[in-house]
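Visitor: this is a predicted model, with the sequence first.
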Amino acid sequence: MKGGDHITDTNRVEINKNIYIWAIKESKKDFGEIKHKFKDIEAWISQDKYPTFGQVKKLAGFLKVPLGYMFLDEPPKTDIIQSEFRTIGNKMPEISKDLKDTLYSIGRKRDWLNEYRSENGWKKLIPDDFNGLSNKDINTVCVNAKEFIDLDEFWYKKYRDADPAFKYLREALEGHGITVMQNGVVGSNTHRKLNINEFRGFLLYDDIAPIIFINNNDSANGKIFTLIHEYIHFLLAEDDIFKDEDAEIDNGNEKRINKITAEFLMPASHIEKLWDDNGLQMEQIEDLSKVFHVSPIALAIKLRDMKKIDQQLVNEIEQHTKSSLEKEANTESGGDYYKTSRSRFGDNFLSTIIQGAESGDISYTHAFKLLDGSVKTYDYFKEKFMTHGI
């Protein structure tokens with residue numbers, strides 16, 4: 001029997017000895033400090049005693065490792081980024097432990113989803129006629145991208161605010177097999193907040209089980225830009241990590257993806273009809289950014305590329321945007337536990353896990369692991385999906 005799957009009774013769990021050793025080493029904490037906090041740690045490692053699930057959760061939090069890692073059969077590879085996320089590692093060689101742990105946790109979920117979908121007959125999500133999309137012009141890419149998710153050209157007019165607009169786009173992507181997750185902390189650890197200055201989101205590419213992850217500490221407008229940016233990367237079949245919507249970056253490919261994203265969200269032909277060359281520029285930028293559900297800096301860069309404004313105004317708006325980001329950003333401030341969980345995993349992923357467990361395709365223990373060890377999350381959404389079909 002696998003160590004991570006061995007439940008000794010209803011309250012106690014067996015953890016692989018090597019996982020304890022890895023987690024302690026990974027934490028870089030003094031063992032005496034750990035032993036002072038967890039008096040039975042040596043007995044747990046020797047397996048003379050078994051911890052409760054609650055004790056494992058507290059240990060993982062104290063060691064600052066994702067709870068799901070504690071239930072693995074073997075410790076993770078030491079250099080996760082280089083071994084499993086090379087594209088991302090090449091783009092951002094210096095990655096924090098919080099981001100590294102998030103990448104690995106989402107990567108495990110993607111791998112499981114790929115296996116499950118493959119066994120259930122799923123085919124590649126991207127149509128064959130999308131081959132060579134990276135060589136096509138920006139307008140063609142945007143047209144194909146909107147056609148793939150059945151998005152109307154004037155979709156943005158349906159929403160006054162960015163939050164429902166983001167939800168609409170997320171549902172459109174999920175409806176076509178692209179899983180979208182978002183979180184502002186590492187797993188459920190509210191003491192490990194994800195740094196918005198390090199990354200806005202990322203895409204872990206897969207033919208049939210791609211996952212887009214959004215840093216929930218961003219503003220609603222920022223999350224929309226990140227979502228579409230990573231969606232474009234999906235259509236081009238490449239992993240990605242997204243740092244900034246500012247197109248003034250060295251990476252030529254990222255510049256192009258940002259331009260495609262901008263055209264997707266703010267079509268030049270639409271701007272031409274709405275922009276008044278004789279009007280007050282700052283007021284128009286403020287108003288139109290709300291119309292298109294983008295940040296003022298994203299719109300300003302687009303307007304500069306269209307020769308509507310100069311670089312000096314872009315610089316002024318960029319400075320103002322960065323100084324006010326913390327005020328506008330979302331925060332993980334508790335709230336409704338189940339609403340937060342639904343936002344974290346997404347309906348796509350939650351429903352697949354519940355379907356798999358209830359049909360006997362995966363064990364309940366495995367299902368709980370995929371939900372980062374939360375039994376109550378599973379039970380709640382099982383009732384919701386099975387009864388109400390949400």
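Guide: All right, it came through fine.
Visitor: helix or strand with the lowest mean pLDDT in the protein?
Guide: helix 80-84 (a mean of 65; mean pLDDT, DSSP states H and E).
Visitor: pLDDT value on residue 194, please?
Guide: Residue 194 is assigned a pLDDT of 95 by the prediction.
Visitor: ditto for residue 159
Guide: 95.
Visitor: how about it, what does it touch?
Guide: Residue 159 makes contact with 165, 168, 293, according to CB atoms under 8 Å, 6 or more residues apart in numbering. In short, each C-beta sits where N, CA and C put it, glycine included.
Visitor: same check, this time on residue 59
Guide: Applying CB under 8 Å, 6+ apart to residue 59 gives the contacts 23, 38, 41, 51, 70.
Visitor: any low-confidence regions in the stretch 151-300 of the chain?
Guide: Counting by pLDDT under 70, the stretch 151-300 of the chain contains low-confidence ranges at 246-251.
Visitor: go again with 50.
Guide: Counting by pLDDT under 50, the stretch 151-300 of the chain contains low-confidence residues at 247.
Visitor: again, but for the stretch 1-150 of the chain
Guide: 1-9.
Visitor: please enumerate the helices of it.
Guide: 17-27, 31-37, 41-46, 53-63, 80-84, 86-91, 97-119, 138-148 (DSSP state H, counting those that start in this stretch).
Visitor: secondary structure element for residue 256?
Guide: Residue 256 is located in helix 252-265, with elements delineated by DSSP states H and E.
Visitor: name the helices or strands packed onto that helix?
Guide: Helices and strands in packing contact with helix 252-265 are listed as helix 138-148, helix 220-235, helix 296-305; criterion 3 or more CB pairs under 8 Å, 6 or more residues apart in numbering; DSSP states H and E.
Visitor: one more pass at 10 Å, please.
Guide: helix 138-148, helix 220-235, strand 240-242, helix 268-274, helix 296-305 (3 or more CB pairs under 10 Å, 6 or more residues apart in numbering; DSSP states H and E).
Visitor: can you redo the ones you listed as CSV with distance to residue 93 and mean neighbour count?
Guide: What follows is these, written out as CSV (distance: least, CB to CB, whole Å; neighbours: other CB atoms under 10 Å):
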stretch, distance to residue 93, mean neighbour count
helix 138-148, 29, 17
helix 220-235, 19, 25
strand 240-242, 11, 23
helix 268-274, 35, 13
helix 296-305, 26, 23
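Visitor: how about the ones you listed, which one is nearest residue 178?
Guide: Evaluated over those, closeness to residue 178 peaks at helix 220-235, with 6.3 Å, by CB to CB.
Visitor: ok, now which ones touch residue 386?
Guide: 351, 354, 355, 358 (CB atoms under 10 Å, 6 or more residues apart in numbering).
Visitor: from these, keep the buried residues only.
Guide: Neighbour-count burial (16 or more other CB atoms under 10 Å) applied to the contacts of residue 386 gives 351, 354, 355.
Visitor: which ones among the residues you listed map onto helices?
Guide: Judged by DSSP state H, helices contain the following of those: 351, 354, 355.
Visitor: shouldn't residue 148 be in contact with residue 264?
Guide: No: with contact defined as CB atoms under 10 Å, residue 148 does not reach residue 264; the gap is 11.5 Å.
Visitor: overlap in contacts of the two?
Guide: Shared contacts of residue 148 and residue 264 (CB under 10 Å, 6+ apart): residue 231.
Visitor: related to what we said a few turns ago, out of the contacts of residue 59, which is nearest to residue 347?
Guide: Looking across the contacts of residue 59 and measuring by CB to CB, the closest to residue 347 is residue 70, at 26.7 Å.
Visitor: test my guess that that closest one contacts residue 16.
Guide: Yes: Residue 70 lies in contact with residue 16 (CB under 10 Å); the separation is 8.8 Å.
Visitor: neighbour-wise, which of these two wins?
Guide: residue 70 (24 against 19; other CB atoms under 10 Å).
Visitor: can you list the buried residues in the helix holding residue 256?
Guide: 254, 256, 257, 258, 259, 260, 261, 262, 263, 264, 265.
Visitor: residue contacts, the fifth one?
Guide: Residue 259 makes contact with 138, 141, 142, 232, 247, 301, 302, 305 under the criterion CB under 10 Å, 6+ apart.
Visitor: any idea how far the first one lies from residue 289?
Guide: Counting by CB to CB, to the nearest Å, the gap between residue 138 and residue 289 amounts to 20 Å.
Visitor: what does the second one give?
Guide: As defined by CB to CB, residue 141 lies at a distance of 23 Å from residue 289.
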